[in-house]
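Chemist: sequence first, predicted coordinates after that:
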Number of protein chains: 2
Amino acid sequence: MKGVTDYIYKIEPQVVDLTLKATVSAIGNYFLNTAGTDAQRKGFGEDVLVPQNRSWVLSRMTLEVDKRPDQYTDFTVTTWIGENNRLISTRNFTGKDDKGEVICRCSTQWCLIDFQKRLPISLSEVLPLCEEFVRNDVPAPCEAPRKVPSCTPATFFERKVVYSDIDFNSHMNTMRYIALVMDMLPLEKLIGSSPLRLDANFIRECRYGQTIKIGMEQRDNLYLFEITTDEGVVAFRASVEFKDLS
Amino acid sequence: MKGVTDYIYKIEPQVVDLTLKATVSAIGNYFLNTAGTDAQRKGFGEDVLVPQNRSWVLSRMTLEVDKRPDQYTDFTVTTWIGENNRLISTRNFTGKDDKGEVICRCSTQWCLIDFQKRLPISLSEVLPLCEEFVRNDVPAPCEAPRKVPSCTPATFFERKVVYSDIDFNSHMNTMRYIALVMDMLPLEKLIGSSPLRLDANFIRECRYGQTIKIGMEQRDNLYLFEITTDEGVVAFRASVEFKDLS
């Protein structure tokens, strides 16, 4: 189906946890890498945009994980561009296990930024590049990403942004935010088998050398997170909801 | 050439730094993943050994990096089993860029451990599985891994071992040790273009929940590192030597 493309990965040992299944942040990483690769292959990736001082910036993300794929198995990511408005482009994903069952779903919202002016650009400026691939007739795989409310953290963790955290921009790698908040959760939740839904809001960048504070508030099976920088700015919010009540 | 096998990877965006080249720890990761995959394909991997309560454990590693591969380019890892003695098996690697030039080399030494008895096993017990693939006639790609001397750290960094650090064993992921020590280096060294040699000695495991201390001592262009656990045990030593004097 035009504009709807499959990418097949093998779940590698360095992305599994002690259950021998890929971690939630690794699953997110497969989706985001697929976004980059797919945009590049279809002609509107960083390779085309960066020379024009433009870049896609992830604004919100939702990840629904029913089951996590096993080490060394094939994991098939299907991706397509969904709804667009003037400033936000939606990219959707499903993830299938090696039996072809959809075990996770993802929806992401992206802005296009002029990184010299540090301002968002109207998508109409790049629409000619990707128009033919937009598939807003394909149903979204999950509910759109939510705005995560602010919270009153009871637990904190502080840490410096180091070299292995940063991307080509000297900003913290997108998926590192997810890994940092997941690390706050109790281990039994992380290795349990409850389906979960994660919503992430990327608000400001965390930069190399900053000290960041990750806060967590628990409300029953819902965990709320907030990352603030040493300048007191909220950089990131997320919520993780475990569907099983146990 | 029998026993000498190529694996081709694409350098993905999440493994590059602000120079758009793969980080040193990512390069190490490609090599170690290749070790796992190659052992599995040839019939002496974790899938065969773990049901026998056995596992390969990395003891020492040397990584020589002349150039780091660029994002989205092909990176070809060639691997073979080198010299073996009673308790240590050597696995060698070269890494080629997309022009076919060898830009990095790696040599690793492994023990086979009975993880119930927590004791090393004589390699003669698994030699029948891998004998036909041993290529100790192929010259080693670099000098064997060195024993790293203890050091007197002037700089320290402390941090907890968290969920995203650990592997299927609840131990810190091998390449995380390398990332942790590289993170101590000045950014200009990390993004510079000097060839480097890294030697790593894996002495004890760091476990989930432990607080570890990473110490660094600089001796001109040589940096020595030591990771100790909150029980005061030295878990890891490494040295990184930059070949260019600038």
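Modeler: Arrived safely.

Chemist: and the residue nearest to A:V162 when sequence neighbours are not counted, how many neighbours?
Modeler: Leaving aside its sequence neighbours, A:V162 sits nearest to B:D183 (C-beta to C-beta, 6 or more residues apart in numbering or on different chains; 4.0 Å). All C-beta atoms are positioned from the backbone trio N, CA, C, and that covers glycine. Neighbour count of B:D183, defined by other C-beta atoms under 10 Å in any protein chain shown: 19.

Chemist: and for A:L20?
Modeler: A:L20 has 16 neighbours, counted by other C-beta under 10 Å.

Chemist: who's in contact with it?
Modeler: Residues in contact with A:L20 (C-beta atoms under 8 Å, 6 or more residues apart in numbering or on different chains) are A:D70, A:Q71, B:F168.

Chemist: quick check on the last one: phi, psi?
Modeler: When you say that, I think you mean B:F168. phi -60, psi -10 (degrees, to the nearest 10).

Chemist: doesn't A:D17 make contact with it?
Modeler: Yes - assessed by C-beta atoms under 8 Å, B:F168 is found in contact with A:D17 at 7.0 Å.

Chemist: what about the two, which has more around it?
Modeler: Per other C-beta under 10 Å, whichever of B:F168 and A:D17 has more neighbours is A:D17, with 23 against 17.

Chemist: ok, now how distant is A:E188 from A:T73?
Modeler: Going from A:E188 to A:T73 by C-beta to C-beta, to the nearest Å gives 24 Å.

Chemist: who has more neighbours out of those two?
Modeler: For A:E188 versus A:T73, neighbours defined as other C-beta under 10 Å are more numerous around A:T73 (14 against 7).

Chemist: once you drop chain neighbours, what's closest to that one?
Modeler: Nearest non-adjacent residue to A:T73 (C-beta to C-beta, 6+ apart): A:D98, at 4.4 Å.

Chemist: so the one you found, which state does it fall into?
Modeler: Put simply, A:D98 is coil when judged by DSSP: H, G, I helix; E, B strand; the rest coil.

Chemist: for it, phi and psi?
Modeler: Per degrees, to the nearest 10, the backbone of A:D98 is at phi -70, psi 0.

Chemist: A:G43 now?
Modeler: According to degrees, to the nearest 10, A:G43 has phi 100, psi 10.

Chemist: dump the residue contacts of the closest residue to it other than its chain neighbours.
Modeler: Using C-beta to C-beta, 6+ apart and skipping residues adjacent in sequence, the residue nearest A:G43 is A:L129, 5.8 Å away. Counting by C-beta under 8 Å, 6+ apart, A:L129 touches A:G43, A:F44, A:V48.

Chemist: so which strand or helix has A:L129?
Modeler: For A:L129, the host element (DSSP states H and E) is helix A:127-130.

Chemist: SS state for A:L198?
Modeler: For A:L198, the assignment made with three-state DSSP gives strand.

Chemist: which residue comes closest to it once chain neighbours are left out?
Modeler: A:L63 (4.4 Å).

Chemist: contacting residues around A:V181?
Modeler: Contacts of A:V181 by C-beta under 8 Å, 6+ apart are A:I214, A:M216, A:F225, A:I227, A:F236, A:A238, A:V240.

Chemist: could you point out which element follows whichever helix in chain A runs longest?
Modeler: Criterion DSSP state H: the longest helix present in chain A is helix A:24-42. Toward the C-terminal end, the helix or strand that comes next after helix A:24-42 (DSSP H and E) is helix A:46-49.

Chemist: gap between that next one and the chain center?
Modeler: Centroid displacement of helix A:46-49 relative to its chain, using C-alpha atoms, centre = their mean, to the nearest Å, is 20 Å.

Chemist: how about the helix or strand just after it: buried residues?
Modeler: Once the chain leaves helix A:46-49, the next helix or strand it forms, by DSSP H and E, is strand A:54-65. Buried residues in strand A:54-65, counting neighbours by 16 or more other C-beta atoms under 10 Å in any protein chain shown, are found at A:R54, A:S55, A:W56, A:V57, A:L58, A:S59, A:R60, A:M61, A:T62, A:L63, A:E64, A:V65.

Chemist: farthest pair in the residues you listed?
Modeler: The largest separation in the buried residues of strand A:54-65, counting by C-beta to C-beta, is between A:R54 and A:V65 at 31.6 Å.

Chemist: I'd say A:C142 and A:E64 touch.
Modeler: Yes - using C-beta under 8 Å, A:C142 is in contact with A:E64, at 4.9 Å.

Chemist: what touches both of these two?
Modeler: By C-beta under 8 Å, 6+ apart, A:C142 and A:E64 have these common neighbours: A:R105, A:C106, A:R197.

Chemist: what's the closest of the contacts of A:V181 to chain B?
Modeler: Nearest to chain B out of those is A:I214 (C-beta to the nearest C-beta; 10.6 Å).

Chemist: just the element for the closest residue to the closest one other than its chain neighbours, please.
Modeler: Here the nearest residue to A:I214 in space, its sequence neighbours aside, is A:F157; by C-beta to C-beta, 6+ apart that works out to 4.7 Å. Here A:F157 sits within strand A:155-160, counting by DSSP H and E.

Chemist: check which element follows that strand along the chain.
Modeler: Downstream of strand A:155-160 (by DSSP H and E), the next one is helix A:174-182.
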